[in-house]
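Novice: My questions concern the predicted model and sequence given below.
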Amino acid sequence: MACPLRIEYKGGCYHVMNRGNQRARVFHSKKHYTLFLDKLAHFCEQFVSKRSATCRRRPGIST
């Protein structure tokens, strides 16, 4: 079943996250994680967005 379309608000705050299937790793090395952060920064600039926080959490750890 497809997810419903997200309602977007000008100036809205959105939560973006990456999660592996069945708690699998998303980033297999520091290089992959750094590349992701670089791309995220690039697209935030391109789409005039700002990132207010970044959190990296290992799979299987609850907070």
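Specialist: The structure has been received and is ready for your questions.
Novice: drop to CA atoms for contacts and neighbour counts, all remaining ones
Specialist: OK.
Novice: where does this structure have low pLDDT?
Specialist: Residue ranges of the chain with pLDDT under 70: 1, 56-63.
Novice: again, only this time at 80
Specialist: Applying pLDDT under 80 to the chain flags residues 1-3, 5-8, 10-20, 23, 47-63.
Novice: what about the helices in it?
Specialist: Using DSSP state H, the helices of the chain run over 30-46.
Novice: Just give the number of residues close to V26.
Specialist: Other residues near V26 come to 14 when the count uses other C-alpha atoms under 10 Å.
Novice: my read: it touches M17, true?
Specialist: No: between V26 and M17 there is no contact under C-alpha atoms under 8 Å: 10.7 Å.
Novice: With adjacent residues omitted, what lies nearest to G20?
Specialist: Spatially, and ignoring its direct neighbours in sequence, G20 is nearest to V26 (5.2 Å; C-alpha to C-alpha, 6 or more residues apart in numbering).
Novice: list the contacts for that neighbour?
Specialist: Each residue near V26 by C-alpha atoms under 8 Å, 6 or more residues apart in numbering is listed here: 18-20.
Novice: And for L37, the neighbour number?
Specialist: Using other C-alpha under 10 Å, L37 is surrounded by 13 other residues.
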